[in-house]
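>>> I would like to see how this sequence folds:
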Amino acid sequence: WLKARFPGKASSVHPGLNQSTAMSEFTIRTRKFKSNPLLGRKQFVLDIIHPSMANVSKKDLAEKLKTMYKVHDVQCIQLFGFKTAFGGGRSSGFGLIYESLDKMKKFEPKYRLKRAGVDTGKAGAGRRGKKDTKNRMKKTRGKEKSKARASGGKK
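Predicted coordinates for the structure are as follows:
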């Protein structure tokens, strides 16, 4: 239908813009740059200008920051709190560059560590499994109680 209505138009949204050029078309500026030796990090506000893109991924931003500030590990960079300006083309957010991964694990909140893939959540039986085990143990006596406990959250 679209080709019948507009014979000169291609099916892509941006015919002159391919994916590889769109990935590199953004500039980064840092404001309020502060070195924080007590927490072992550098902290700053990031301003991103991306006129040809809807938004820039945090992974791309981290790669560019790695080259700008000569960071040895991309995982030491934390980016969060990004807001796109009304009308698009500009975004701003917050960035932290830690000196090492152990400083990051010490001072970053757990939810941000999980988001970055550094910290894995606690393992073990879930809430429902614990309740099932407790209720199964209520129904048994003696040696069967230890069998019910050993079976864990399974039925």
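
>>> which residues of the protein fall in helices?
For the chain, applying DSSP state H gives helices covering 2-5, 19-24, 58-69, 101-107, 110-116, 127-139, 143-151.

>>> and those helices as JSON lines, adding mean pLDDT and distance to residue 84?
The way it works is simple: take the backbone N, C-alpha and C, and place the C-beta from them, glycine included. Formatted as JSON lines, the helices of the chain follow (pLDDT from 0 to 100; distance: least, CB to CB, whole Å):
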{"stretch": "helix 2-5", "mean pLDDT": "53", "distance to residue 84": "29"}
{"stretch": "helix 19-24", "mean pLDDT": "46", "distance to residue 84": "16"}
{"stretch": "helix 58-69", "mean pLDDT": "90", "distance to residue 84": "13"}
{"stretch": "helix 101-107", "mean pLDDT": "90", "distance to residue 84": "26"}
{"stretch": "helix 110-116", "mean pLDDT": "88", "distance to residue 84": "19"}
{"stretch": "helix 127-139", "mean pLDDT": "88", "distance to residue 84": "37"}
{"stretch": "helix 143-151", "mean pLDDT": "80", "distance to residue 84": "51"}
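
>>> closest to residue 91 out of these?
Closest approach to residue 91 among the helices of the chain (CB to CB): helix 58-69, 9.4 Å.

>>> pull out the buried residues from that closest one.
58, 60, 61, 62, 64, 65, 66 (16 or more other CB atoms under 10 Å).

>>> residue 109 and residue 142: what is the separation?
46 Å (CB to CB, to the nearest Å).
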